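>>> Sequence plus the predicted model coming up.
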Amino acid sequence: MNARFTPSRQEDLPLITGQGHFTADHNYPGMLHAYVIRSMHAHARITQLNLDAVRAYPGVRWVATAENLNALGAGTIANPVTVKGKQGEDQIQALMPLLAEDTVRFVGQPIAMVFAVSALGAQDAAELAEIEFEVLEASVDPDKTTLSTAVQLHPNAPRNVSVHFSSGDAEPVNAAFAKAAHTSQLRVLSQRLMGVPMEPRAVVAIHDAATGVTTVHTPHQGILGMRNFLAMASGASPESLKIDANDVGGSFGLRGGAYTEHAALVLAARQFGCAVSWVGSRSEIFLSDWHGRALILNGEIALDAEGGILAIRFKDRVDAGAYNCMMSTFIGTRNLSITMGGVYQVPALYMESEVVYTNTTPVSAYRGAGRPDIAYAIERLVDFAAHEHGFDPIALRRKNFIPENAFPYKTANGSTIDTCLSGKLLDRALELSDYAGFEKRRAQSVSQGKYRGIGLSTFLEASGAGNAPKDQAWGEFNANGFLYVYGVTGPSGQGHSTSFASIIEKALGWPADRVRYEAGNAKHKLLGNGTGGSRSLYGAGSAILAMCHKMLESIKPHASKTLGVDIDRLHFENGVWVADGLSVSTETVVDALASEEKTALNALGEASSGATYPNGCHIAEVEIDPTTGVTDLLHYCAVDDLGQVISPQLDRGQVHGGVVQGWDKRFVNRWCTTTKASC
Amino acid sequence: MYSFHYQKAQSVAQAAAALSRSEASRLLSGGMTLIPSLKHRLIQVDELIDISSLAGLSDIRMEDKHLWIGAGATHQSVSRHPDVRKFSVGLAELAGLIGDPQVRARGTLGGSVANNDPAADYPAAVLGLGATIVTQKREIAADAFFLGMFSTALASDEIIQGLRFTQPLKSAYAKFRHAATGYAMAGVFVAQMSNDVWRVAVTGATDGVCRWNEAEAAAGQVPEDLRFVHDNVLDDIHAPSAYRANLVQILYAQAISRLA
Amino acid sequence: MTPISLNINGNAHTVEVQDRALLADVLRDNLKLTGTHIGCDTSQCGCCTILMNGDAVKSCTVLAVQADGARITTIEGLAKGPDLHPIQVAFSQCHGLQCGFCTPGMIMATAGLLSNTPQPTDAQIHEGLSGNLCRCTGYIHIVESVKQAAKAMQELPV
């Protein structure tokens, strides 16, 4: 078994040999373990909370409740984004307490936490809790939750509405619909589902009394986001929290901020001076990881006689779950509007959305966070309009694609799309999928008693944006011969280290295998956005590119000295310093420098990246057995414009993963809530 | 899971004695059902008696014209054994479709049969082939063994030692797997035991494995109007009863087409 | 507490365990072999897969006491010193991992599959990994990794 090899990614070696460093892998001497007591009711008043027997159980060190967490200065789960309503009114907020106070509002809501010397011991002790509930009616259907007959979840939110939002200009849209030759309307459900990263949510916290800093190991998507939201939730100052950069087993949007367990563990660790650990079981994580999607999208399209799109309008219902947590407002307002014209040239756009409460797990960002949902709704709407009014669905699309000469294209509601060559992508996808031959293949399926269908979508995504004013990257040449690059964005499998190293090798001529990326070293006080909306390569990558350019400036004088040429005759091309037929690599130049000279090369790169619009055309062909309903995916074709491709293999992996999560959404992953006693 | 005391059984007799000492004691074989139940705290045991390494309990051998499969034989060993495949293709295939490879390396015939999960695969083969369940006390015919959901004719201290199968002329098993759990949403085992004797056993679709008399009467044919009718076709979060009944009919036809 | 003897990756270990302790927890917590992961509580995800007496099994569904006397291989024991196993090499070369959480289980399940079926068809690979879940890769590169590993192992000198 002689297998020395170059790994595909720098990240691979520890992960394929069992040397990964995931949160639950931390095992400190004397570590305490936590167990969460959760509500098994969707809606209930807590009439008795007697935890005496739990506290008295051997090995139990502490039991956290809302009362004692509040006494320690705890906050609530962050709700970072609020919007103004359609009439300019403030959004109603229902913030989630870390632990339930007198009312529980979703199955899985944390009520208390038991801290003991062993995880099993904490669970054993938890069973002795005497909790009594007055079970209340639950409102679980987002469609019905605003009816006057539905139970009200929060005293400050009549009709269970958090906000009624609008975006775009209603007047021209209404006018377009009034004069349109054809209109169509289609309501689609983007069902509530679960993100299910393979690594269960977990937190390990250790407090250093000497420095006053609590180190937190947890899967996250970027140190600043986790740190800031954890500060809000726990009441600790951001400077007193250090978020560790460890391996993250997937995130898909669910790990941008702190949950109850993060905040409670920080507060516990500060009391006990020893490490504290909480590792979720998959069952409780199904209940308590933020859920995804949960949107009802009601779209309408207005066409002229030739099929030109005159306007698109949406009326959406956004199920926030029981509380406003993290990104549900952002998803249900901004994210349902910024790409609501899709890849089409639409003169008038308007949307309204209602963010509502139900007795279900709070919803936050999951894989595209509203934008794939809108893309789906638009493509279904376009298809439906074609079907209703006798247009060929492909011709109808082509006719309305944003023309190639119109870029950068400003949409009717203010997004500026850099490029989106849908026609070219469509051509390629039609060819690869042998779209033209479909009817023949369908006839074959029919002759065998099966149904066969083909579906096409042309879509775009808004990526790259973020709330931080800029992204920063700090690079330093280390004594051990590596270029260490620090940033804010946190990987969860995307291959940040490998990708950033590739960028650096091309831009700086420094070998990729001598680059290391670390997310989360707070000492550098970097600004930047966490991972989300496919932004790291573009956002953090641009900052790293800027860092490389600064380093080139500093290296240039050294290179000219090495080559013995005038600095004006020197230029950098294809990763190498060249002048008068002589050449030298960055690596050689830097390796020869004294350590103070190397230190002087260290640089901060910055970039302010707005949104960019990767886009694609995907075609899926399926066969359905009408006797069982089983659907086979016979062929899937994905043609994507991803801008600058740093690593084709990594990009293919991302597309595969995304496509299969799309399959998962369609066939596998659906959260159902029923108020029936048995299911 | 809750605490318990674990012991490795020294013999079947000793295991039976331990069982009769306490109502909260259980046998442990492969553990593929028991351990997840314990982990979820659905059950609590005080004594766990491991019989998985008892000598002779995992044997697979021909005994004259019959096939003997020890209660401790793993699904993996059954599916791979050349004697089993020669004896009944349906039985070998069924064993290879249980759960997933890791589950098949541990789960046992005895454990599955004693548990009688209404969605398990083995009961369909055992009933479909009219096997005999041999315990340390007696021999029980399959037709008298399965009494409904998680219920069998076993006494509380009775331990399955193995099953004795009679060779069919032909057999086949067709299963519709639940995509997430791998259990049978429905499974149909068809066996032609002799020229005129057909047995058809259905699992997954009702409250326990059962024989389908109308299909047996069809004697290897698939009549147009053959319908699966039963008082307790399951209607649950996975499928409504009409869907399941329809599945049974489809799987019966599939099994017939694959008889070997 | 019960003392048990385990041979793990060629080394003999004696550990005192509670009867209810799972093998996965003993490997991770007592023996500090944290390469074996726990991803679910219904024995479905396969992240905890190890080889026990040559078979791929889910260590979260085995009591440590059941493993007394067993020969166990975990992901940490697959490589021989600095030389990685062809399965490990293949997973990296074919980009069969992204976040890496399911990877040890996938690799060990692959080891189990290939020991019994050295040249698996696609269908056999799908069945052979049916006890392992991944949320990142969409499985396509994983299947390629298994095929490449099978090929590499066939070409090994005897």
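Yep, that arrived.
>>> Give me the phi and psi for residue B:103.
phi -70, psi -40 (degrees, to the nearest 10).
>>> Give the closest residue to it in space, chain neighbours not counted.
Distance criterion CB to CB, 6 or more residues apart in numbering or on different chains; nearest residue to residue B:103, sequence neighbours excluded, is residue B:32 at 5.1 Å. Bear in mind the C-beta positions are built from the backbone N, C-alpha and C, glycine included.
>>> now do residue A:215
Using CB to CB, 6+ apart, the nearest residue to residue A:215 is residue A:242, at 4.7 Å.
>>> can you pull the contacts of the one you found?
By CB atoms under 8 Å, 6 or more residues apart in numbering or on different chains, the residues touching residue A:242 are A:213, A:214, A:215, A:216, A:522.
>>> and the two most separated of these?
A:214 and A:522 (12.0 Å; CB to CB).
>>> you'd agree residue B:101 is up against residue C:125?
No - Residue B:101 is beyond contact range of residue C:125, at 11.1 Å (criterion: CB atoms under 8 Å).
>>> Now the common contact residues for those two.
Common neighbours of residue B:101 and residue C:125 (CB under 8 Å, 6+ apart) are residue C:113.
>>> More neighbours: those two, which one.
residue B:101 (25 against 22; other CB atoms under 10 Å in any protein chain shown).
>>> Pull up the gap between whichever residue of chain C sits closest to chain A and residue A:206, please.
As assessed by CB to the nearest CB, chain A sits closest to residue C:35 within chain C, at 1.9 Å. Shown here: residue C:35 relative to residue A:206, a distance of 22 Å by CB to CB, to the nearest Å.
>>> got the contact list for the residue lying closest to residue A:73 once chain neighbours are set aside?
Nearest non-adjacent residue to residue A:73, counting by CB to CB, 6+ apart: residue A:235, 3.5 Å away. Each residue near residue A:235 by CB under 8 Å, 6+ apart is listed here: A:72, A:73, A:74, A:75, A:263, A:267.
>>> I'd assumed residue A:267 was in contact with the first one.
Yes - counting by CB under 8 Å, a contact exists between residue A:72 and residue A:267, whose distance comes to 4.8 Å.
>>> Looking at those two, which one has more neighbours?
residue A:267 (28 against 17).
>>> Which residue is the nearest non-sequential neighbour of the most centrally placed residue in chain C?
Centroid-nearest residue in chain C, with CA atoms, centre = their mean: residue C:108, separated by 2.5 Å. Nearest residue to residue C:108 in three dimensions, chain neighbours excluded: residue C:49, at 4.4 Å (CB to CB, 6+ apart).
>>> now do residue B:100
Per CB to CB, 6+ apart, closest to residue B:100 is residue C:131, 3.0 Å.
>>> Assign that neighbour to one of the three secondary structure states.
coil (DSSP: H, G, I helix; E, B strand; the rest coil).
>>> That one contacts residue B:105, correct?
No - Residue C:131 is beyond contact range of residue B:105, at 9.6 Å (criterion: CB under 8 Å).
>>> which parts of the host helix or strand of residue B:14 are buried?
Residue B:14 belongs to helix B:12-21 when assigned by DSSP states H and E. By neighbour count with 16 or more other CB atoms under 10 Å in any protein chain shown, helix B:12-21 contains the buried residues B:12, B:15, B:16, B:18, B:19.
>>> Can you spell out which helices and strands pack onto the helix or strand harbouring residue A:385?
Using DSSP H and E, the element containing residue A:385 is helix A:371-389. On a contact count with 3 or more CB pairs under 8 Å, 6 or more residues apart in numbering or on different chains; DSSP states H and E, helix A:371-389 meets strand A:182-194, strand A:291-303, strand A:309-321, helix A:393-400, strand A:451-460.
>>> same thing but 10 Å
Contacts defined by 3 or more CB pairs under 10 Å, 6 or more residues apart in numbering or on different chains; DSSP states H and E place helix A:371-389 against strand A:182-194, strand A:291-303, strand A:309-321, helix A:393-400, strand A:451-460, strand A:615-624, helix A:648-667.
>>> which residues of the stretch 151-300 of chain A score low on pLDDT?
The model of the stretch 151-300 of chain A has no residue with pLDDT under 70.
>>> Please enumerate the strands of it.
With strands called from DSSP state E, counting those that start in this stretch, the stretch 151-300 of chain A shows them at A:161-168, A:182-194, A:202-208, A:213-217, A:241-243, A:276-279, A:291-303.
>>> mind giving me CSV with these and columns for distance to residue A:567?
As requested, those are arranged in CSV below (distance: least, CB to CB, whole Å):
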stretch, distance to residue A:567
strand A:161-168, 53
strand A:182-194, 58
strand A:202-208, 48
strand A:213-217, 45
strand A:241-243, 42
strand A:276-279, 56
strand A:291-303, 55
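>>> Go ahead and list the helix or strand containing residue A:538.
With DSSP H and E as criterion, residue A:538 is part of helix A:536-563.
>>> Within its local environment, how many residues does the one residue in the stretch 501-650 of chain A that gets nearest to chain C see?
Closest residue of the stretch 501-650 of chain A to chain C, CB to the nearest CB: residue A:649 (4.9 Å). Other residues near residue A:649 come to 16 when the count uses other CB under 10 Å.
>>> ditto for the one 4 residues further on
In terms of burial, residue A:653 registers 26 neighbours under the definition other CB under 10 Å.
>>> Now do residue B:227 against chain A, distance only.
Distance of residue B:227 to chain A, given as CB to the nearest CB, to the nearest Å: 14 Å.
>>> Just say helix, strand or coil for that residue.
The three-state label given to residue B:227 by three-state DSSP is coil.
>>> Enumerate the residues of the stretch 1-150 of chain B near chain A.
B:1, B:2, B:3, B:39, B:40, B:41 (CB under 10 Å from any CB of the partner chain).
>>> I'd guessed the second one sits against residue C:18; true?
No - in terms of CB atoms under 10 Å, residue B:2 does not count as a neighbour of residue C:18; the distance is 11.1 Å.
>>> who has more neighbours, these two?
Using other CB under 10 Å, the more surrounded residue of residue B:2 and residue C:18 is residue C:18, with 19 against 14.
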